[in-house]
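Q: only geometry, no sequence info:
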């Protein structure tokens with residue numbers, strides 16, 4: 001590599017001043033400029049011979065001024081600088097020639113600075129700047145402006161050399177990111193000091209940052225997230241005001257989160273298999289290597305493994321969700337314990353009817369999971385958006401809503417699952433209304449496809465079993481008066497927005513809502529389930545049968561192929577006290593949709 005200090009010190013390497021009268025132009029050393037991967041030699045400029053006849057000086061000066069006006073400075077013998085140098089040699093004291101000469105030098109500097117400004121985009125910019133400088137060395141070596149310009153060219157040369165050095169270091173992987181390490185980053189920063197705005201140096205600094213981010217991503221790909229964070233901390237010192245590292249940190253955090261969640265889901269799935277405990281423990285060990293300290297997903301899997309080790313696959317009251325293919329989670333499910341109960345109306349039960357009898361014993365040999373609450377608008381929305389399913393009320397164009405003015409349920413157009421009990425748009429936390437039995441079954445089918453598990457509407461037996469939750473009376477709680485906050489049921493203390501009150505309701509009770517309440521607003525029952533006796537009535541899987549004679553004893557749905565009449569279970573916000581009884585059941589067409597009817601699902605274990 002040639003030494004730039006000798007070349008750019010405004011003197012030839014033999015120590016004589018460039019432009020001195022005793023320095024032959026032929027002895028000037030050519031200037032070597034680094035512009036790309038190769039060195040480009042810029043020869044010393046020698047004025048071309050200019051022929052001026054005696055007495056033609058004024059004519060030649062006019063010619064030189066014309067050349068200046070046209071921007072022809074030094075390319076040929078009839079350009080401005082060669083003409084003016086010859087005129088100065090003949091008439092050194094002529095003021096007009098001196099002014100023209102000063103103007104030429106000023107235009108040279110302008111042209112040279114323009115070439116320097118183009119050097120980031122024009123590969124010949126620096127070469128052109130040197131050519132201008134070589135002309136200036138001959139034409140005005142002592143001019144202050146030219147001396148300053150040559151200094152700028154010098155710094156540009158140094159920046160190019162530093163850029164090359166930085167790029168070689170970058171290619172070799174010597175980034176210089178740590179304090180005290182000499183590498184690519186130092187060279188690029190020094191290049192910027194030599195020539196502020198050096199685009200190549202700025203790009204090099206960005207490349208150093210990118211290299212560190214790639215190192216971080218490589219470590220993250222190997223599940224070395226601590227190592228990835230170390231690289232990111234180095235990278236954020238490279239360009240502190242940029243958001244690039246923050247973006248990378250978010251990407252890696254998302255990758256880490258996805259990896260942890262995937263292992264959590266894998267561990268949960270393994271636990272569902274017979275003898276899956278050892279593999280689940282290995283999955284947890286792998287998960288703990290990449291999860292942040294105290295990560296809730298790792299805690300969840302560890303807790304589940306402990307439960308399986310001590311209690312088998314599930315435990316009564318356990319709450320869980322299944323992963324969907326989209327990456328979301330399914331509804332919260334509660335494990336209902338296996339057991340048996342007496343199903344139907346008790347002897348002497350007030351308001352009972354023959355469809356609720358005979359009282360018979362049902363036993364569940366295996367537990368099942370039931371949704372903790374009714375299906376919400378948000379959960380149903382996810383299904384509709386994923387499948388473009390058209391629920392019954394959408395296709396039909398109307399449903400039944402509550403009319404505050406008349407105090408009755410009326411049919412209204414353009415009402416569907418997106419609406420609440422009065423026909424306003426419902427929030428995602430509300431129980432979904434205006435859905436038919438077939439809509440509920442379509443949602444269950446989709447959820448089954450998404451999770452690989454079997455979701456369905458509960459059987460009548462499952463619904464009554466969970467609503468009773470061990471109780472033997474006509475209501476889900478002891479006595480005839482609901483306890484405080486028993487649920488969203490009709491109470492004499494309830495008041496509508498216009499001051500209406502119920503004619504037939506529980507004395508001394510108020511729950512704070514006239515219509516449906518957001519799901520899960522009231523305390524759960526003994527099985528950990530909400531709103532089974534109130535809020536909204538719910539579809540079950542059974543076809544309607546007038547009474548339980550020959551009903552299944554194992555709790556399975558009692559279904560006749562092609563049946564139209566379906567069963568509704570559970571009281572609602574608009575139900576009379578007789579309809580809040582645990583044995584209460586109602587027959588209706590499976591296509592029915594209204595403001596008091598929703599659903600929830602069960603899942604096989």
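A: That came in fine, so what should we check first? No experiment lies behind these values; they were computed from the predicted model shown.
Q: residues in contact with the one helix or strand residue 84 maps to?
A: Residue 84 belongs to helix 80-90 when assigned by DSSP states H and E. Here helix 80-90 makes contact (Cβ atoms under 8 Å, 6 or more residues apart in numbering) with 47-48, 50, 52, 57, 60-61, 63-65, 67-68, 72-74, 76, 94, 97-98, 100-101, 104, 107-108, 135, 138-139. (Glycine included, C-beta is placed from N, CA and C.)
Q: List the buried residues in it.
A: 80, 81, 82, 83, 84, 85, 86, 87, 88 (16 or more other Cβ atoms under 10 Å).
Q: same thing with stretch 202-213?
A: Residues 204, 205, 207, 208, 209, 211, 212, 213 are the ones in stretch 202-213 that count as buried (16+ other Cβ under 10 Å).
Q: repeat for stretch 483-493
A: Within stretch 483-493, judged by 16+ other Cβ under 10 Å, the buried ones are 486, 487, 488, 489, 490, 491.
Q: thought the first one was touching residue 479?
A: I take that to be residue 486. No - using Cβ atoms under 8 Å, residue 486 is not in contact with residue 479, being 10.7 Å away.
Q: Now do the helix holding residue 84, average pLDDT.
A: Taken as a whole, helix 80-90 has a mean pLDDT of 93.
Q: before we move on, what about stretch 217-228?
A: On average, stretch 217-228 scores 94.
Q: just stretch 435-451 next, same as before
A: Across stretch 435-451, the average pLDDT comes to 98.
Q: now do stretch 403-420
A: 97.
Q: For residue 186, give me its contacts.
A: If a contact means Cβ under 8 Å, 6+ apart, then residue 186 has 166, 176 as its contacts.
Q: would it count as being in a helix?
A: Yes - when classified by DSSP: H, G, I helix; E, B strand; the rest coil, residue 186 is found to be part of a helix.
Q: what's the spacing between it and residue 385?
A: As for residue 186, its distance to residue 385 is 54 Å (criterion: Cβ to Cβ, to the nearest Å).
Q: ditto for residue 83
A: 80 Å.
Q: how many other residues sit next to residue 196?
A: Neighbour count of residue 196, defined by other Cβ atoms under 10 Å: 10.
Q: Just the buried residues of stretch 592-605, please?
A: 592-603, 605.
Q: avg pLDDT for that stretch?
A: Rounded mean pLDDT across stretch 592-605 is 96.
Q: Kindly report the same for stretch 152-167.
A: Rounded mean pLDDT across stretch 152-167 is 93.
Q: same thing with stretch 365-385?
A: Stretch 365-385 carries an average pLDDT of 95.
Q: With stretch 185-195 instead?
A: On average, stretch 185-195 scores 93.
Q: Could you list the buried residues of it?
A: Neighbour counts over stretch 185-195 (16+ other Cβ under 10 Å) mark 185, 186, 187, 188, 189, 190, 191, 192, 194, 195 as buried.
Q: Could I get the contacting residues of the closest residue to residue 476 other than its chain neighbours?
A: Of all residues not flanking residue 476 in the chain, residue 533 sits nearest, at 4.7 Å (Cβ to Cβ, 6 or more residues apart in numbering). Listed by Cβ under 8 Å, 6+ apart, the contact set of residue 533 reads 467, 475, 476, 486, 487, 489, 570, 571, 580, 582.
Q: Roughly how far does residue 533 sit from residue 337?
A: Here the distance between residue 533 and residue 337 works out to 19 Å (Cβ to Cβ).
Q: Adding secondary structure, write the buried residues of stretch 483-493 out as TSV.
A: What follows is those, written out as TSV (three-state DSSP):
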residue	secondary structure
486	coil
487	coil
488	coil
489	coil
490	coil
491	strand
